[in-house]
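Colleague: Quick one: sequence plus predicted model below, questions after.
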Amino acid sequence: MSSGVYDPNCHACLLHSQCQTVCIAATRYPPDLSWPRFPRDRHHSKALYVIGEAPGYNEDKEGQAWIGKAGNVLKTLYLNHFKFPDQVDVFLSNAVRCRPLGNKTPNKTQLKQCQGFYLADIVNLQKIYDQVIVLCCGAAAVKSVLAMSLKKAFARQGNLSDFRALTAPTPKSIIRVGEVVGPYLSNPTLPPFPSPCPVFVTYHPAALMRDKNKGPYVNSHLSLLQDYIKGDLTYDIKGGSLKIDIAPLPPSYPISRLSLDIETYGILQGQNQTQFHPLKSEIHDKIPRERLVVTTALTWDNPEGEQEHAIFIMSKLRHRRRLWSWIRKCHGTSSWAQTNTSAVPCPARNGRTSGTKENTFQYLIGQNIKFDLMYLRHAYPECKQWLDYPLPIVDLMVTNYLYNEGRPEKSLKALAPLLRVTQYSGEFTQYKTETCPSLHQYNCQDTSATLLLQDKLTALIQQLYGSDTPKTSQFSLEWYSKLLWLTIWMEERGIPMDERTLTGLLKSLKSRLERLEGGITSRWGINLRGKGSDKCKRKVMDEACQACLENQLVIPKMVKTKARKDISFCEENRNSLLDVLPVGTDSVEKLKAISHVHAVSGTLDRYLYPLLVGRGKGHTDPTTRLIKGLAYPRWYATPSEYEDGTSGGTKQCRIVAKGPACQTFSPSIKKCVTSRYSHLLWFDYSQVELRIAALLSNDPWMMGEYSKEDCDFHLATARRLFGDKDAKKFRQIGKTLNFLVIYLGGANQFQTTLMRDAGITRSLGQCQRDINAWWEQARGLHQWQDDLYESVCELGYFQLPLVGQSRLFLGNRSDVKDKMKEIVNMPVQAVAANVMLSAQFELQWSFKQKDMKAILPLNVYDAATIECPKSELYTVKREMERILPNPPYYQALCQVLGRRLPLKYELTLDGKKPTMEKANV
């Protein structure tokens, strides 16, 4: 036998009719070795069975697995680089054995019908080898073998997979594998079912070819596999082995760091936790406040550098009082609590600040510590005075983000085994009682792992970015502590909304949507919902692409669907086509009309139905509804993954809200945001991104313009385009050009925008001359962007001063060039967002110090809201005048750069016309 199990006559699914080679068998690697039949045929005692997605063009043509481009990457970078063939016998296979037409992602049926082939291979290999190890490459392989997503599989690297969980019917024509549930498996003489195997997962080589940034992640996954094969895979913590004290008093010696983790009611048998906001847990899960938190675990380092652990059972008053004594000790010995917390740090030129004093508390740390603190503060209001700023807090997710903003392993369960700290069982476990010792071990395993991971990630950060990186500076530590406290305050307070106005808007938009869809159907015969809608949408996109070719235009880069690899009907693709197609063509009219429909349906589906009726199919899930007129979004300070498996956040270094996504409210929804007090103030920094671009680049022209007292950069650009007479009329066009140019937009986009938004016809050549004239003045900005490109090509990343936020851009110069829009966008938008967040925090902290009711519950990137009673309006305005022109982050940034520009902000009070406030600097 020269290959694994296969059936050239397999007709189990329709793929056989679309490919050249039916059922491509697994092969041995290197290919000159034959498939073993007896133990004497093996070269090593262990076998590595690699499962990919499906054959590609070359594999289908030659009838052999993994011989195309992805196969070359697999063999070169995955197998040979780690010298796996020198340690194990390697076998190459796929989850689906026939090539899907167009290299589309295999569907569930195809995956199930092919499971029997690799199961039979594994059975045969287990007869010959002492151990068979499975490596799944890509989402399709993981879905077939582990029946879960790739993201979830990252949390169970190396765990044993019991293949009996697979329920696929095996095709009649192949060797059957016993005990697989299915209609064809009644023969008692079938071969035995595979024994459990250790399964490792990583990205498919094709994904690595598309995105070079995945290289470090693949490397870490395969390093883990390599250690396992060598027998070197050991962990710092062995689950169930920790020595735990029950509710001890805090020690007499100083504590520098304290790791905290809670277990909520969902950890107990009989409790189903569906909500992860304490107020929603009370309302929707019907859990009394005093039963929200079950246990709290602490881990700290003693003077000898050894970890100690404690557990507190929160139903016991004595335990709670002991826990509060720990928090009071940390709060009282914090260096921040002993200093003026609003003072501006004095960073050096590299953005670093001096370290903390000895014998002072550095920080309270946790994985998703915001969750723990919110539940403790809500369940036990008496602890709020200590569990609050200026208590310094650190979230391990932030440290992980600072090391690598795109790492797929964000949860503790996924990160801990990857860095050899500890390993968790693959299944979620519930415990009988709060006093169960295994529960206490599990709780303390989290706190112990968090503390060790913080140290390891910090070391990795300094190894990659240098020991003087701002990522590990005191400034960065304080920045993220303030940001976390700000998001806690925002999540706790919620956003008040006018429910009556929202209800009226819901009725109005439902009626409007029906009219719009009816008009499109009657005019073009396009069905946007229900049966046949996918075909109609594909036809619209195909016609638009054909129109580009007929007009001799380059078709913009299109996003494709993951499953079928068709051109996606997403908003990004529609806008890309609208940017290049000539105005007035039939395709443009269709795309504009359809985009209008999607805007209305998007407002209904994303906001109005969830806020008023419910989310999900049929809007039956009530957990997103307003609670007493308040929406409670979840705020993500960094890309994060939470207890319920949901993830969010952006790599662009800005905070993001979900459930609802209040930062992207349409104007009609935004008007429904109200105040729980007398007044609602909106404020935003005027032209802040352009000011930041000028400040970072030190462009002489932009610096000069923004240094003027009465600068209106958008108006000045409109004046250059249309002259003094029409400048005010076309100020918005000036704004469009300013932002289009600094983010590297082109003449086609400018021409289309002029016609679409202002009805102005301007030749493509003139649009290009307008852009060239802009750049002729902004030579300093252009040079700064070129320097960014060269720096990223050399280092593979770009890093901001002070906080150390960064983005990874790996690959050759051409790969980096393709990412230039992201590269020039990131520093400008990130710094602008940091300026607003710094101002928002300082305002909220100032109000808290003055015992004011005023709050800031909503951030919209460069804008925010303030709710305040009438009696506090004067004080609020005075504090805004004091803080907004020069927030602490902006002061420190200007100090590092050695230059500054004045900031201006616009203020809207209860919907009245905004006013411009000038900086008094």
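Modeller: Alright, I've got the coordinates. Numbering: from 1, shown residues only.

Colleague: helices or strands up against the host helix or strand of Cys793?
Modeller: According to DSSP states H and E, Cys793 maps onto helix 779-795. Where contact means 3 or more C-beta pairs under 8 Å, 6 or more residues apart in numbering; DSSP states H and E, helix 779-795 is packed against helix 688-697, helix 700-706, strand 797-799, helix 813-818, helix 820-849. For the C-beta atoms, the positions are set from N, CA and C on the backbone; glycine is no exception.

Colleague: Show me which residues of that helix are buried.
Modeller: 780-782, 784-785, 788-789, 792 (16 or more other C-beta atoms under 10 Å).

Colleague: Keeping just the C-alphas, turn it into PDB.
Modeller: Taking C-alpha atoms only, helix 779-795 is exported to PDB below (Å, rounded to 0.1, in the frame of the first residue of the first chain):
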ATOM      1  CA  ARG A 779       6.000  68.000   1.600                       C
ATOM      2  CA  GLY A 780       6.800  67.500   5.200                       C
ATOM      3  CA  LEU A 781       3.800  65.200   5.700                       C
ATOM      4  CA  HIS A 782       4.700  63.300   2.500                       C
ATOM      5  CA  GLN A 783       8.300  62.800   3.800                       C
ATOM      6  CA  TRP A 784       7.000  61.600   7.200                       C
ATOM      7  CA  GLN A 785       4.800  59.000   5.400                       C
ATOM      8  CA  ASP A 786       7.800  57.800   3.400                       C
ATOM      9  CA  ASP A 787       9.800  57.600   6.500                       C
ATOM     10  CA  LEU A 788       7.000  55.500   8.100                       C
ATOM     11  CA  TYR A 789       7.200  53.100   5.200                       C
ATOM     12  CA  GLU A 790      10.900  52.700   5.400                       C
ATOM     13  CA  SER A 791      10.800  52.200   9.200                       C
ATOM     14  CA  VAL A 792       8.100  49.500   8.900                       C
ATOM     15  CA  CYS A 793      10.000  47.800   6.100                       C
ATOM     16  CA  GLU A 794      13.100  47.700   8.400                       C
ATOM     17  CA  LEU A 795      11.400  46.800  11.700                       C
END
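
Colleague: tilt between it and helix 688-697?
Modeller: 70 degrees (axes from the mean of the first three to the mean of the last three C-alpha atoms, to 10 degrees).

Colleague: quick one: helix 779-795 to helix 820-849, angle?
Modeller: In terms of direction (the same axes, to 10 degrees), helix 779-795 departs from helix 820-849 by 100 degrees.

Colleague: hmm, who's touching helix 779-795?
Modeller: 693-694, 696-703, 742, 744, 775, 798, 809, 813, 816-817, 820, 823-824, 827 (C-beta atoms under 8 Å, 6 or more residues apart in numbering).

Colleague: Same question for stretch 37-48: list its buried residues.
Modeller: Buried, per 16+ other C-beta under 10 Å, within stretch 37-48: 42, 44, 46-48.

Colleague: For that stretch, C-alpha coordinates in PDB please.
Modeller: Extracted in PDB, the C-alpha atoms of stretch 37-48 (Å, rounded to 0.1, in the frame of the first residue of the first chain):
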ATOM      1  CA  ARG A  37       2.100  -1.700   6.600                       C
ATOM      2  CA  PHE A  38       3.900  -3.200   9.600                       C
ATOM      3  CA  PRO A  39       5.800  -1.700  12.600                       C
ATOM      4  CA  ARG A  40       9.100  -2.700  10.800                       C
ATOM      5  CA  ASP A  41       8.300  -0.200   8.000                       C
ATOM      6  CA  ARG A  42       8.300   2.800  10.300                       C
ATOM      7  CA  HIS A  43      11.300   5.100  10.800                       C
ATOM      8  CA  HIS A  44      10.200   6.600  14.100                       C
ATOM      9  CA  SER A  45       7.900   5.500  16.900                       C
ATOM     10  CA  LYS A  46       5.500   8.400  16.400                       C
ATOM     11  CA  ALA A  47       3.500   9.600  13.400                       C
ATOM     12  CA  LEU A  48       2.400  13.100  12.600                       C
END
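
Colleague: roughly how far apart are the most centrally placed residue in the chain and His714?
Modeller: For the chain, Pro639 is the residue whose C-alpha lies nearest the centre (C-alpha atoms, centre = their mean; 3.8 Å). Distance of Pro639 to His714, computed by C-beta to C-beta, to the nearest Å: 33 Å.

Colleague: returning to what we had before: tell me the buried residues within the contacts of helix 779-795.
Modeller: Among these, the ones that count as buried (16+ other C-beta under 10 Å) are 693-694, 696-697, 699, 702-703, 742, 798, 809, 816, 820, 823-824, 827.

Colleague: Out of those residues, which is nearest to Lys617?
Modeller: Nearest to Lys617, judged by C-beta to C-beta, of the buried ones among the contacts of helix 779-795 is Phe809 at 38.6 Å.

Colleague: Could you pull out the buried residues of stretch 549-565?
Modeller: Buried residues in stretch 549-565 (16+ other C-beta under 10 Å): 556, 558, 564.

Colleague: cool, stretch 863-873 as well?
Modeller: Buried residues in stretch 863-873, counting neighbours by 16+ other C-beta under 10 Å, are found at 863-868, 872-873.

Colleague: any idea what sits nearest Thr761, other than its immediate chain neighbours?
Modeller: Ranked by C-beta to C-beta, 6 or more residues apart in numbering and with sequence neighbours excluded, the top spatial neighbour of Thr761 is Met755, at 6.2 Å.

Colleague: One more: Ile883?
Modeller: Ile883 sits nearest to Glu842 (C-beta to C-beta, 6+ apart), 4.9 Å away.

Colleague: Quick check: that neighbour touching Pro888?
Modeller: Yes: with contact defined as C-beta atoms under 8 Å, Glu842 reaches Pro888; the gap is 6.3 Å.

Colleague: Okay, helices next: where are they in the stretch 401-550 of the chain?
Modeller: For the stretch 401-550 of the chain, applying DSSP state H, counting those that start in this stretch gives helices covering 412-418, 437-465, 474-493, 499-524, 533-550.

Colleague: Could you do the stretch 51-200 of the chain as well?
Modeller: Using DSSP H, counting those that start in this stretch, the helices found in the stretch 51-200 of the chain span residues 57-62, 69-73, 108-128, 139-146, 150-153.

Colleague: how about those in JSON lines, adding mean neighbour count and mean pLDDT?
Modeller: JSON lines is the format used below for the helices of the stretch 51-200 of the chain (neighbours: other C-beta atoms under 10 Å; pLDDT from 0 to 100):
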{"stretch": "helix 57-62", "mean neighbour count": "17", "mean pLDDT": "91"}
{"stretch": "helix 69-73", "mean neighbour count": "18", "mean pLDDT": "96"}
{"stretch": "helix 108-128", "mean neighbour count": "22", "mean pLDDT": "89"}
{"stretch": "helix 139-146", "mean neighbour count": "24", "mean pLDDT": "93"}
{"stretch": "helix 150-153", "mean neighbour count": "20", "mean pLDDT": "90"}
